[in-house]
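Asker: sequence first, predicted model second:
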Amino acid sequence: MNLKKYRLFLLLIVIIIIGIGIYFLNVYNNRFKNFIRPHVYIEYGNPVTNQDIFVTDLEEEFQFSKPLEQIKDVGTYSMAVVIQNKEMAFEIHIIDSTEPKLEVEPLTIFLDEPLPKTEDFVKTCEDLSHCSYEPISLTQNVGTQTVFITAVDDYGNKATKETTLTILEYLDAPIINGLSDLTVKEGEKVNLRTGVKVQDKRFGELSFQVNDSGVNYNKPGIYEIIYSAMNPLGTVTSKTRKITVLKKEVTIMIDNFPTFSQYPKYPNGCETVALYNLLRFYKVSVNIDEMMNRLVKGEGLILENGVFYGGDPEIEFVGDPRDLHGYGVFQKPILSLANHYKKGMIDYTGHSLDEVLTLVKQQIPVQVWVSIGLKDTGVCATWTHRETSKQIKWICNLHSVIIIGYNRQSVFVSDSYTGKIESYDRKQFEKMYRLFGQRALYYPK
């Protein structure tokens, strides 16, 4: 081999060796490049981690140019990592490609209400950025229309949901409640609003107007009151209410009538005690014990040979008024006793209660026979009057009182059973008065 060829050969060898060295030097210098992704894409909201940047795990120490936890917002971040004094560049791209989570709901409004805004249809809209909404077009017509709601986030991602808008025309009128018939007495006024309410299905409780201009409260009769109410849409309801003006009730009363209790000394002496009160009213000086002694008395009930015998209340007191087992007496023996102290008493038996009350209206008290406390009663015992063989049918709870007043509904009496002035229902009083034979006594003026 000549020298020239030898030199060329050596040069070739050197070039090859240098090339191999450069190759391995490049391999050494770039040995970490294959472990790094030059572009890293992360969805907004997710953290950036080492695994997103490195292809495989590295055992060597490394350091980023910026802490990964600081990279959060959407954008492109130029980064570098240093490994064994070698710096390698890469980029992190935070992107938002997720559409908003949109939930909508249907709406119902009335024709007179303003059209809703887009946001009114939205039940929820969730996004890491911000939800805004594309404009919608609605018509102010009765019926149901389809509405598409589109939510857009700050990075242009969209979500569209379908819903509906229903428009109703409200035609219902207010409802007036509590207009039951009224009754007032002549000359009286009543609160016409008490118990009355106006309800509207849409607007709730409403105010109302009352027109009683057609009612004459000073004249008995039947009249009508007009109630009216209007809801905010101008729909009006009017109703009438009947009111009855009654003639003013007049109470007739004999003032300063005395009362005296039959208890405890005279448990069955109501007839005599009533007369005692009547005589005292007329300023007659009497002694109650003397009156009890003077009263004609017959035998109480006695059983002989299977037959009950007893006195006749038409002519005598049956038993003793001081005795709990005594019975009672009717008007004739009381009339006889009364004339002993003050003559002129009249037996008014058989006259109606209205006729008796006519006397009371003239300030004349009247003694009558009814039941204790006006309780319903009936025959509870029978016996034979020994002298006349008359059959006596005894009605229980016999009682005698003095009528001293009345009105359309009540009768007022001096009642020795309670020892005070009592008020009894007029209809029940008349019923018991008739049951005991319409027995009555009085002194004329």
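Answerer: Happy to help now that I have it.
Asker: got any ranges where this protein has weak pLDDT?
Answerer: Within the chain, the segments meeting pLDDT under 70 span 1-7, 9-10, 14, 16-33.
Asker: what ranges do the helices span in it?
Answerer: Using DSSP state H, the helices of the chain run over residues 3-29, 50-53, 118-121, 270-281, 288-294, 331-341, 353-361, 426-435.
Asker: how about a markdown table for the ones you listed, with distance to His385 added?
Answerer: For every residue, glycine as well, the C-beta is placed using N, CA and C. Supplementary listing: the helices of the chain in a markdown table, determined by distance: least, C-beta to C-beta, whole Å:
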| stretch | distance to His385 |
| --- | --- |
| helix 3-29 | 152 |
| helix 50-53 | 127 |
| helix 118-121 | 98 |
| helix 270-281 | 19 |
| helix 288-294 | 22 |
| helix 331-341 | 14 |
| helix 353-361 | 29 |
| helix 426-435 | 21 |
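Asker: quick check: which of those is buried the most?
Answerer: When you average the neighbours per residue for each of those (mean count of other C-beta atoms under 10 Å), helix 270-281 leads with a mean of 24.
Asker: just to revisit the earlier point, Ser228: which of the helices of the chain is closest?
Answerer: helix 118-121 (35.4 Å; C-beta to C-beta).
Asker: with just CA atoms, put that closest one into CSV.
Answerer: Backbone C-alpha positions of helix 118-121 (Å, rounded to 0.1, in the frame of the first residue of the first chain) are rendered in CSV as follows:
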residue,chain,number,x,y,z
THR,A,118,-83.7,33.2,30.2
GLU,A,119,-82.3,32.7,33.7
ASP,A,120,-85.8,32.1,35.0
PHE,A,121,-85.9,28.7,33.2
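Asker: give me the contacts around that helix.
Answerer: For helix 118-121, contacts defined as C-beta atoms under 8 Å, 6 or more residues apart in numbering pick out Val104, Glu105, Pro106, Leu107, Tyr133, Glu134, Pro135, Ile136, Val147, Ile149, Thr163, Leu165.
Asker: 10 Å - rerun?
Answerer: For helix 118-121, contacts defined as C-beta atoms under 10 Å, 6 or more residues apart in numbering pick out 102, 104-107, 109, 125, 131-136, 138, 147-151, 161, 163-165.
Asker: now a PyMOL select for only the buried ones of these.
Answerer: Buried residues among the contacts of helix 118-121 (16 or more other C-beta atoms under 10 Å), as a PyMOL selection:
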select buried, resi 102+104+107+109+125+131+133+147+149+150+151+161+163+165
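Asker: so which of the contacts of helix 118-121 are in strands?
Answerer: Of these, the ones assigned to strands by DSSP state E are 102, 104, 107, 109, 125, 132-133, 147-151, 161, 163-165.
Asker: give the bridge partners for Trp383, please.
Answerer: Ile392 (DSSP bridges).
Asker: look up how far Thr183 lies from it.
Answerer: Distance from Trp383 to Thr183, counting by C-beta to C-beta, to the nearest Å: 50 Å.
Asker: look at these two and report which has more neighbours.
Answerer: Comparing Trp383 with Thr183 by other C-beta atoms under 10 Å, the one with more neighbours is Trp383, at 23 against 12.
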